[in-house]
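> pasted the sequence and its predicted model underneath.
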Number of protein chains: 2
Amino acid sequence: MTPPTSAGICEDDDGLRGDLRSALEREGYVVRATASGAEAMRSFASNPPDVLVLDIGLPDADGRDVCQALRARGVLTPVLFLTAREALSDRLSGFHAGGDDYLTKPFALAELLVRVNALCRRVPASAATSAEDPGLVLDPAAHAIVHGEQTIPLTPTEFRLLAALAAHPGHVVRRATLVAAAWPEGAIVHDNTLDAYLARLRRKLRDAGAPTEIKTARGVGYVFG
Amino acid sequence: MTPPTSAGICEDDDGLRGDLRSALEREGYVVRATASGAEAMRSFASNPPDVLVLDIGLPDADGRDVCQALRARGVLTPVLFLTAREALSDRLSGFHAGGDDYLTKPFALAELLVRVNALCRRVPASAATSAEDPGLVLDPAAHAIVHGEQTIPLTPTEFRLLAALAAHPGHVVRRATLVAAAWPEGAIVHDNTLDAYLARLRRKLRDAGAPTEIKTARGVGYVFG
DNA sequence: TCCTACGTGAACGCAACCTGAACACCCGCC
DNA sequence: GGCGGGTGTTCAGGTTGCGTTCACGTAGGA
C-alpha cells in the first residue's frame, strides 16, 4: 500500500479498541479511534477515513444507524461491522444499512486485517461525489426525511426503499435488491409496483425541494445522488 | 428486466450448484455454472463474468489455484470462495490467492446473495495496477467506465462488450467471442450489429478522451489497448 | 480494379420505464 | 356495523432510450 491509508474505528470496549488500533497501525494505517456513535459522527462525517470498522453494539447508538447516517451524508467509505450476534438477520441488516463486510466476535485480529485490506483494495466508483450532502437526513424513528427545517413523512415501504437507495449513494442499486430490501422475503412484487413507488419518492423529494434525485440506470436499477 | 450482470459458479455438488444458480438467477444475474476446475478455466478465462463463486474443495483442483490461474490470465473479476473448512489459515489463504470474500458451508443463500451483490458494487481496483490502462476502470455495478473524475455510462450490452475486450488488453478477441460474451446463447446477431456497437463504444471512449482505443484485426476480431 | 470486410450516422420498433389515478385493503373510531 | 383516513397495489396511457437494421461510405487484400 503505497499511499498512507487512514482507518477509522468505533468501538466502546477500551481493550478491544486499543488492540484494533495497534494492529491496524502495525499494518501501516493511520488510525482514528472513537468510542461512541456521537463521537464517530463528529469525527468521520466531515473527514472520512479510507476504511471504517464499526461496532454494532455501541452504548449510545446502533452501529448500523451510524453507518446509515454517514451514508446519508455522502460518506462512501467501506464499512466493516463488528457484531456479537450470530443471527443471520442481524448480519443482513448490516449489509442493508450500507455495510460492506462484517465479523462476528470473537475474531482473530489477523482475519480483521485481511478483511480491512480487502476493503481498501477497492475504491468507491464515484469519487466525484461530494463529501458533504446538503442537509438531507433519514430519520428512522419518524420514518421521515429531514430536509433543513421541513420534515417529509414517508410510508414504511417508501422509507425502506429510500433507505436502501441512500445506503449506497452514487452506486447503482438493482431492482431486485430494492425489492428484497423493501418487501418481506418471498413476497411477489409486480414490476410496476416498484416503478410506482419510485415515482412517489421522486415526487416527494421534488416537492420538498430536496437537493438529491433518483436517477434511472435502465435495465439495471437506480442511483441515489 | 434485462439481466444486466453475469455470475460464474464453480461447484462440484450438483444440488448446491443448482441452488446457487437459481438463487442468483432470481436475483437477476445471468449465470454460467461449472462443476470442475478445468471446466471453470475453460469457461471463465476467455470470457469472464462480472462475479465468481468458487468452491475451494473441487474434485480436480483447489479453488484457490483456479482463482490464481484466472488472475494470472488477467481476469479481474471479484471472487467469493465457498469453503467447508473453518480453520482461519484456510480463509486467509483464500484472500491471499486473490479472493475477495469467502463463506463457510453451510451458509444461507440470502447471505450469499448479499455478499455477491456487495462484490458487484465495487470496482476492481487491481485494474489500475494491471496491464490495463491506468485511470480507465470498469464499474460492473453501474455498467459504466470510470475515467479519472468522469463516469461514462454504458448500456448493458455495451458494457458486456467492452468487458470482454478489456479482459484481454493487447490480445485479439474474435468477433464470435464478442458475440458470445455480449448476447445470450443462441441469439442470432447480425454481423453489422456488432460493427454498430463497436462504433458506439469507440465514440464514447473518444468523447471521454480515454487514452485507449479499439483497434481492428481485419478478418479476425478486435484488440483493446 | 473488383470484391469483401468494416465504419458510421440515422431511423425505427419495442420493451422498459414514468406517472396520475383508481381500486383494494387494513385499521382505529364513533 | 358503518365510516374515513392512510397504505399498498394495479391499471392505462404516454414517454424514453436500447437494440437492431438500413443505407451508404471507406479501407484492404488479391
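Sure thing, it's come through.

> when you work out contacts or count neighbours from here on, use the C-alpha atoms and nothing else.
Will do.

> tell me the residues on chain A that lie near DNA strand D, please.
Within chain A, the residues that sit near DNA strand D (C-alpha under 7 Å from any atom of the strand) are A:154-158, A:189-190, A:192-193, A:196-197, A:218.

> where along chain A do the strands fall?
Listed in chain order, the strands of chain A (DSSP state E) span A:5-10, A:29-34, A:51-55, A:79-83, A:101-104, A:136-139, A:144-147, A:150-153, A:172-174, A:214-217, A:221-224.

> coming back round to it: what about the residues of chain A next to DNA strand D, which are in helices?
Cross-referencing the residues of chain A next to DNA strand D with the helices (criterion: DSSP state H) gives A:156-158, A:192-193, A:196-197 as the overlap.

> okay, now the residue nearest to residue A:212 when sequence neighbours are not counted: neighbour count?
By the measure of C-alpha to C-alpha, 6 or more residues apart in numbering or on different chains, the closest residue to residue A:212 outside its immediate chain neighbours is residue A:225, 5.4 Å from it. Residues lying near residue A:225 (other C-alpha atoms under 10 Å in any protein chain shown) number 19.

> quick one on the thing from earlier: JSON lines for the residues of chain A next to DNA strand D, including pLDDT?
What follows is the residues of chain A next to DNA strand D, written out as JSON lines (pLDDT from 0 to 100):
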{"residue": "A:154", "pLDDT": "87"}
{"residue": "A:155", "pLDDT": "88"}
{"residue": "A:156", "pLDDT": "84"}
{"residue": "A:157", "pLDDT": "88"}
{"residue": "A:158", "pLDDT": "90"}
{"residue": "A:189", "pLDDT": "87"}
{"residue": "A:190", "pLDDT": "91"}
{"residue": "A:192", "pLDDT": "94"}
{"residue": "A:193", "pLDDT": "94"}
{"residue": "A:196", "pLDDT": "94"}
{"residue": "A:197", "pLDDT": "95"}
{"residue": "A:218", "pLDDT": "90"}
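
> for residue A:157, what are its contacts?
Residues in contact with residue A:157 (C-alpha atoms under 8 Å, 6 or more residues apart in numbering or on different chains) are A:182-183.

> actually residue A:40, not the one I wrote
With C-alpha under 8 Å, 6+ apart as the criterion, the residues that contact residue A:40 are A:10, A:34, A:66.

> show me what the first one is bridged to.
Here residue A:10 sits in beta bridges with residue A:34, residue A:54, as judged by DSSP bridges.

> next one: it relative to residue B:15, how far apart?
Taking C-alpha to C-alpha, to the nearest Å as the criterion, residue A:10 is separated from residue B:15 by 41 Å.

> higher neighbour count, these two?
Higher neighbour count among residue A:10 and residue B:15: residue A:10, with 28 against 10, using other C-alpha under 10 Å.

> is it true that that one touches residue A:56?
No - using C-alpha atoms under 8 Å, residue A:10 and residue A:56 do not qualify as a contacting pair, with a distance of 9.0 Å.

> mean pLDDT for the strands of chain A: which is lowest?
Out of the strands of chain A, strand A:136-139 stands lowest, with a mean of 64 (criterion: mean pLDDT).

> for chain A, which residue gets nearest to DNA strand D?
At 3.5 Å from DNA strand D, residue A:193 is the closest residue in chain A, using C-alpha to the nearest atom of the strand.

> hmm, which helix or strand of chain A has the shakiest average pLDDT?
In chain A, no helix or strand scores lower on mean pLDDT, DSSP states H and E than helix A:88-96, which sits at a mean of 55.

> re the thing from before, what's the burial count for the residue of chain A closest to DNA strand D?
The tally of other residues near residue A:193 (other C-alpha under 10 Å) stands at 11.

> check residue A:51 too.
Here the count is done by other C-alpha under 10 Å, and residue A:51 has 22 residues near it.

> so what's it up against?
With contacts taken as C-alpha under 8 Å, 6+ apart, residue A:51 has the following neighbours: A:6-8, A:77-80, A:116, A:119-120.

> where's it relative to residue A:33, distance?
The gap separating residue A:51 from residue A:33 is 12 Å, by C-alpha to C-alpha.

> can you check residue A:111 too?
Relative to residue A:33, residue A:111 is positioned 19 Å away (criterion: C-alpha to C-alpha).

> check residue A:104 too.
20 Å.

> repeat for residue A:47
Counting by C-alpha to C-alpha, the gap between residue A:47 and residue A:33 amounts to 13 Å.

> thinking again about what came up before, overlap in contacts of residue A:51 and residue A:33?
Here residue A:51 and residue A:33 share the contacting residues residue A:8, scored by C-alpha under 8 Å, 6+ apart.

> more neighbours, residue A:111 and residue A:33?
residue A:33 (21 against 16).

> skipping its backbone neighbours, what lies nearest the more buried one in space?
Spatially, and ignoring its direct neighbours in sequence, residue A:33 is nearest to residue A:9 (4.5 Å; C-alpha to C-alpha, 6+ apart).

> thought that neighbour was touching residue A:54?
Yes - under the criterion of C-alpha under 8 Å, residue A:9 makes contact with residue A:54 at 6.0 Å.

> which ones are touching residue A:10?
Taking C-alpha under 8 Å, 6+ apart as the definition, contacts of residue A:10 comprise A:17, A:33-37, A:40, A:52-55.

> now those as TSV including distance to residue B:201?
Conversion of the contacts of residue A:10 to TSV gives the following (distance: C-alpha to C-alpha, whole Å):
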residue	distance to residue B:201
A:17	49
A:33	46
A:34	47
A:35	50
A:36	49
A:37	46
A:40	44
A:52	37
A:53	40
A:54	41
A:55	45
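
> filter these down to the buried ones, ChimeraX style.
One line in ChimeraX is enough to select the buried members of the contacts of residue A:10, burial here meaning 16 or more other C-alpha atoms under 10 Å in any protein chain shown:
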select /A:17,33,34,35,36,37,40,52,53,54,55
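
> near DNA strand C, which of the contacts of residue A:10 show up?
Among the contacts of residue A:10, no residue is within reach of DNA strand C (C-alpha under 7 Å from any atom of the strand).

> how near is residue A:58 to residue A:160?
As for residue A:58, its distance to residue A:160 is 23 Å (criterion: C-alpha to C-alpha).

> for residue A:50, the count of nearby residues, please.
Counted by other C-alpha under 10 Å, the residues lying close to residue A:50 total 20.

> apart from its neighbours in sequence, what residue is nearest it?
Distances taken as C-alpha to C-alpha, 6+ apart put residue A:6 closest to residue A:50, at 5.3 Å, once the chain neighbours are dropped.
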